[in-house]
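1. the amino acid sequence is not available; the structure is as follows:
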């Protein structure tokens, strides 16, 4: 099945030869007519025992029953996800909800299809159709909103349609995360989340992490109701070391945005003559709590399974001659998220060393080890939110195994130019410093803040 790819420059190119509104399926009638035409020109191609014309002695196969519009929408949605390479546990679980179970879900699927068609063939007609489909979904949600999975699926599809209509289907942030939180939060207290709900919480926590950090707001999932759930339930090999590291990463993803804002208040408070003493105490207590969120046995088990290979990226080889090869993309993301979030936490705790509550030398040693692991595990294509956070955390690394800070920042600079949708002149040492300071409780400024504001 052909796919759309996104070459440099951001222009989306379709590799389909068929018109997009045909869904990529061949026109069988046209193919049969072409074969008949060739046979008429060269009769020797026709075997004597083959007769293309129907006869009374021939069994005619009846045509296939037409597919209902709702079922066809389910197939088209799966085709769109595959063609755009939008493969995730959450998105892959959406097509089965389409097809007559709920008119709201079907309407949202039609909105995704309309947005997809407008993305590749933008016309005034396609724009009007998408707006019409989008308003239909919003109207149906306003008329009926409940706590069922179909309501959740409708909101997720509506968010996907909005991303497609904005021309960036690879923007994985969920613009309706508050609605999802409201739906899940309205379910009975103590009720265990099913696989679909768990997948929603896990995905929203990860994809909106940067948005929470750059807006100075805590994660809406920072509540014991979500932290007390086993988010690995239903995941294959959930007892493996990678599943345990996923659990630790989930807790850090939920808690760090709020902790960054707390450290920001602590830094502001420390510069004022009159300071509320509760802020330093609360900040230090939270730091101690988050430092305990690690799983050294699982990390050691994962390290024993890694392969160390020569670094292929020439710019990265100037910093690190060898890299980690984990195998699957999912396990690579798990390791990248875990080490990056731990590195962010260490850097935040170093901002609190004025209270002499932490061993600074020990924190610096841990930070250097984590920075080495992050660089070694970063994939060459530098895609995904994990890479953005990792580069933000590394952008002002002072030293790394005798590698000068200028070499590290220059490498990060080049990689951010290929990763971020900003003009090259916007990426400079000053903007890198502001981005790094953001993740240690500094002012809300820098490259990632600009990107989030543009996307809002």
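-> Looks like it arrived, so ask away. This one's a predicted model, so the numbers in the text were calculated from it and none came from an experiment.
2. going along the chain, name the helices of the stretch 351-456 of the chain.
-> Counting by DSSP state H, counting those that start in this stretch, one finds helices in the stretch 351-456 of the chain at the ranges 360-377, 385-394, 405-419, 429-438, 447-455.
3. what mean pLDDT does the third one get?
-> Spelled out, that is helix 405-419. On average, the pLDDT along helix 405-419 is 69.
4. ok, stretch 358-375 next?
-> Here the average pLDDT along stretch 358-375 is 87.
5. next, the buried residues of that stretch.
-> 358, 363, 366-368, 370-375 (16 or more other CB atoms under 10 Å). Every C-beta, even on glycine, is put in place using the N, C-alpha and C of the backbone.
6. quick one: contacts for residue 291?
-> 345, 349 (CB atoms under 8 Å, 6 or more residues apart in numbering).
7. before we move on, what about residue 144?
-> Residue 144 neighbours (CB under 8 Å, 6+ apart): residue 104.
8. and the longest helix for the chain?
-> Scanning the chain for the longest helix, with DSSP state H as the assignment, gives helix 241-270.
9. name the helices or strands packed onto it?
-> Using 3 or more CB pairs under 8 Å, 6 or more residues apart in numbering; DSSP states H and E, the elements in contact with helix 241-270 are helix 195-207, helix 209-215, helix 224-227, helix 278-291, helix 296-305, helix 329-350.
10. what's the closest of the ones you listed to residue 446?
-> Judged by CB to CB, the one of these that comes nearest to residue 446 is helix 209-215, at 8.0 Å.
11. chain center to that closest one, what's the gap?
-> 14 Å (CA atoms, centre = their mean, to the nearest Å).
12. ditto for stretch 83-90
-> 10 Å.
13. quick check: buried residues in it?
-> Buried residues in stretch 83-90, counted by 16+ other CB under 10 Å: 83-84, 86, 88-90.
14. now stretch 268-277
-> Result for stretch 268-277 [16+ other CB under 10 Å]: buried residues residue 269.
15. quick one: average pLDDT of it?
-> So the average pLDDT for stretch 268-277 ends up being 78.
16. first-to-last residue distance for stretch 88-99?
-> Using CA to CA, to the nearest Å, the end-to-end distance of stretch 88-99 comes out at 21 Å.
17. that one: how far from the chain's middle?
-> On CA atoms, centre = their mean, the centre of stretch 88-99 falls 16 Å from the chain's centre.
18. which residues are contacting it?
-> Contacts for stretch 88-99 (CB under 8 Å, 6+ apart): 68, 70-71, 73-75, 77-78, 81, 105-106, 109, 149-150, 153, 156-157, 160, 172, 195-196, 199-200, 202-203.
19. lowest-scoring secondary structure element of this structure by mean pLDDT?
-> Least confident helix or strand, the chain: strand 13-14 with a mean of 40, by mean pLDDT, DSSP states H and E.
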